[in-house]
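>>> here are the coordinates; sequence isn't available:
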């Protein structure tokens, strides 16, 4: 089954404790992206990757890191989480960046930082 | 800053009625348009895509596009309580590097039985 898989689904952590949210897609998609979703603010792009070893900042990159060593994986790293990073996170992928290419979303990770 | 605007709602309709969801976008060069449905706490799910002016029908859903007016709409016929969700309009921006889609903030639809 074609899918984007995120783990974990739920995560509760404390301020300053490094964490990684994994994302993997089995559709051989070139484009991958991370979003966070907060009430009233909609989906906001954190980082994106056009292909292996190519990553760039989205609208809200502060406090996050990413890497794209393999085409299928795009982990999101929070080196020192803070309470304002409590949010619902989505990984998404697309076959290419351009016309007629919808995004396919993972199931989401609900992160709480205390 | 290229934008996609939607009324936040909630839009309340009785079961069996037609729900009409609207979206406007600022980038005149946009060429691909998508509607996603999102249940509370769940991920967005693609329900419709439209690329040409006019109507596109898929079951109870009809997407309408008017590029001259920069307007996209989604009609849901015979609305069911299971249609209660937030509907996100998404637009493929023209020549905006790195951004696959620009999303509106969504319209919440409530269908009462």
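Happy to help now that I have it. Being a predicted model, the structure only gives us computed values, none of them experimental. Residues are numbered from 1 along each chain as shown, chains lettered A, B, ... in the order given.
>>> for the rest of this, base every contact and every neighbour count on C-alpha atoms.
OK.
>>> quick check: residues of chain B near chain A?
On the criterion C-alpha under 8 Å from any C-alpha of the partner chain, chain A has as its neighbours in chain B the residues B:31-32, B:34, B:41-46, B:51, B:92, B:98-101, B:103-106.
>>> of those residues, keep whichever come out buried.
Among the residues of chain B next to chain A, those buried by neighbour count (16 or more other C-alpha atoms under 10 Å in any protein chain shown) are B:31-32, B:34, B:43-46, B:51, B:92, B:98-101, B:103-106.
>>> so of those residues, which ones are in strands?
Within those, residues falling in strands by DSSP state E are B:32, B:34, B:45-46, B:92, B:103.
>>> list just the nearest of these to chain A.
Compare each of these with chain A using C-alpha to the nearest C-alpha and the shortest gap goes to residue B:32, at 5.6 Å.
>>> quick check: bridge partners of that closest one?
Following DSSP bridges, residue B:32 is listed with bridge partners residue B:92.
>>> and for the one 4 residues further on?
In this structure, residue B:36 has beta-bridge partners residue B:46, residue B:88, where bridges are defined by DSSP bridges.
>>> so it makes contact with residue B:44?
Yes. Between residue B:36 and residue B:44 a contact is recorded at 5.6 Å, counting by C-alpha atoms under 8 Å.
>>> now list whatever residues contact both of the two.
By C-alpha atoms under 8 Å, 6 or more residues apart in numbering or on different chains, residue B:36 and residue B:44 have these common neighbours: residue B:88.
>>> so which bits of chain A are right by chain B?
When proximity is defined as C-alpha under 8 Å from any C-alpha, chain A approaches chain B at A:40-43, A:48-50, A:56, A:58, A:88, A:90, A:94, A:97-108.
>>> so which of those residues sit within strands?
Among the residues of chain A next to chain B, the members falling in strands (DSSP E) are A:42-43, A:48-50, A:56, A:88, A:90, A:94, A:104-105.
>>> and which of those residues is nearest to residue B:86?
Sorting these by how near they are to residue B:86, with C-alpha to C-alpha, puts residue A:42 at the top with 10.8 Å.
>>> tally of neighbours for that closest one?
15 (other C-alpha atoms under 10 Å in any protein chain shown).
>>> now the residue lying closest to residue A:33 once chain neighbours are set aside: how far from residue A:63?
Here the nearest residue to residue A:33 in space, its sequence neighbours aside, is residue A:48; by C-alpha to C-alpha, 6 or more residues apart in numbering or on different chains that works out to 4.1 Å. In this view, residue A:48 and residue A:63 are 15 Å apart by C-alpha to C-alpha, to the nearest Å.
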